[in-house]
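Novice: based on what follows, work out the 3D shape:
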Amino acid sequence: MKKVLVLAMVLLFMSCNTAEQYEKLKGEWVCSSWTNVATGTDNCNNNVYFKFNENKTYASKIGGDDVTGDYKIMNNRLYCTPKGKLEIAVEMKTFTKDTLELMMSRSGNEELLTLVRK
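Specialist: Have a look, this model is predicted:
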């Protein structure tokens, strides 16, 4: 019985934590920096925008590409599924009310995308 109670408490804590993350994520975000870790090159160029909606949909603009889709948060990862494409997962390295740092891999190169609330 104790194990069931402990498991229920852990699940409740995790769901509350995830609910808080969804609440914190919703809104508009713009690129502060997008650094290739190996070279130090910044790919931001002020051309990255994300809008995360309360209904777990998102819109993004990276360069000239406009994308919409669905998202979810699980185990400190942000999963985005663009319409008609495969799911993309990135690590949420830092996540505060005003800053979101995403660690990702592009063509095998580690990159750190820093978004700030608009």
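
Novice: show me where the chain has helices.
Specialist: 2-25 (DSSP state H).

Novice: show me the beta-bridge partners of Tyr71.
Specialist: According to DSSP bridges, the partner residues bridging Tyr71 are Cys80.

Novice: do you know the pLDDT at the most centrally placed residue in the chain?
Specialist: Among the residues of the chain, the smallest C-alpha distance to the mean C-alpha position (C-alpha atoms, centre = their mean) belongs to Leu78, namely 3.9 Å. In this model, Leu78 is scored at 97, pLDDT.

Novice: any idea how far Arg106 is from it?
Specialist: Using C-beta to C-beta, to the nearest Å, we find Leu78 at a distance of 15 Å from Arg106. (C-beta placed from N, C-alpha, C; glycine too.)

Novice: then Lys85?
Specialist: Using C-beta to C-beta, which is the criterion applied here, Lys85 is 15 Å from Arg106.

Novice: which regions of the chain sit below the pLDDT cut-off?
Specialist: Within the chain, the ranges that satisfy pLDDT under 70 run 1-17.

Novice: just the strands in it please.
Specialist: Remark: strands of the chain, listed N- to C-terminal, are 27-36, 48-52, 57-62, 65-74, 77-82, 88-95, 99-106, 109-117; assignment by DSSP state E.
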